[in-house]
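**Q** Quick one: sequence and predicted model below, then my questions.
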Amino acid sequence: MTVLYAILSYLFGAIPTGYILFRIAERKDIRNYGSRATGATNILRLKGWKLAIPVAIFDIAKGFIPVFLAVKLLPDKRFAFLCGFLAILGHCFPVFIKFRGGKGVATALGAYLALAPIPALASVGVFLIVVSLTKYVSLGSMLAMAFFPLIVFLMSADLPVVIMGLAVLALIVLKHRGNLQRLIRGDERKLGEKAV
């Protein structure tokens, strides 16, 4: 039962929402354009809010639903952490499109909302503040993911959630390594700038 649920968590996370909707809208592979990621930020730059919002909502749901159901249906809460990580891993490395997916932030947020909603919302606040001040979505995303385990530790010292947060942070930073290089060089795209 648990092994099957873990596999399903990965597969649900691996549904390439942005890839599918962009393919429907443009008949093209989004991974050839912009940041080459399948997430909502790249969709926003390429197609605008009307397509980016449903992508973001579904990507959040990909993290929330497996974790929420695991917490409700299965006795070991620690297993829910694994399901959340697997859903995020699925989003980043989806088997359906040769393991080239998104960067995991929205799916991580969904998992966090199911596990620790107040720290998750506080992390959203960090994201909004950083993006409003700098216009860098990538910087806001990474700092929000970095603050989540810190906020959990300060609020409840829930060590398993902190460990999961650190593992997810490592994955998010790995997926944003190109953004980090561009931030250091000073040529990272800001919010509102069109991708090519």
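**A** Great, that's in hand.
**Q** what's the burial count for Phe99?
**A** When neighbours are counted by other Cβ atoms under 10 Å, Phe99 registers 11. C-betas here are computed from N, CA, C, even on glycine.
**Q** quick one: the helices in the chain?
**A** Assigned by DSSP state H, the helices in the chain fall at 2-13, 17-26, 40-47, 49-73, 77-92, 105-115, 117-134, 137-155, 159-175, 177-185.
**Q** where does this protein dip in pLDDT?
**A** Residue ranges of the chain with pLDDT under 70: 192-196.
**Q** Send me stretch 100-118 as PDB with only the CA atoms.
**A** Provided in PDB are the C-alpha atoms of stretch 100-118 (Å, rounded to 0.1, in the frame of the first residue of the first chain):
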ATOM      1  CA  ARG A 100      13.000  17.600 -18.000                       C
ATOM      2  CA  GLY A 101      10.400  19.500 -16.000                       C
ATOM      3  CA  GLY A 102       9.900  22.500 -13.800                       C
ATOM      4  CA  LYS A 103      11.900  23.900 -10.800                       C
ATOM      5  CA  GLY A 104       9.600  22.600  -8.100                       C
ATOM      6  CA  VAL A 105       8.700  25.800  -6.200                       C
ATOM      7  CA  ALA A 106       4.900  25.700  -6.600                       C
ATOM      8  CA  THR A 107       4.700  21.900  -6.000                       C
ATOM      9  CA  ALA A 108       6.800  22.400  -2.800                       C
ATOM     10  CA  LEU A 109       4.400  25.100  -1.700                       C
ATOM     11  CA  GLY A 110       1.500  22.700  -2.100                       C
ATOM     12  CA  ALA A 111       3.300  20.100   0.000                       C
ATOM     13  CA  TYR A 112       4.200  22.600   2.700                       C
ATOM     14  CA  LEU A 113       0.600  23.900   2.800                       C
ATOM     15  CA  ALA A 114      -0.500  20.400   3.700                       C
ATOM     16  CA  LEU A 115       2.200  19.800   6.300                       C
ATOM     17  CA  ALA A 116       2.700  23.200   7.900                       C
ATOM     18  CA  PRO A 117       0.300  25.800   6.600                       C
ATOM     19  CA  ILE A 118       1.400  28.800   8.700                       C
END
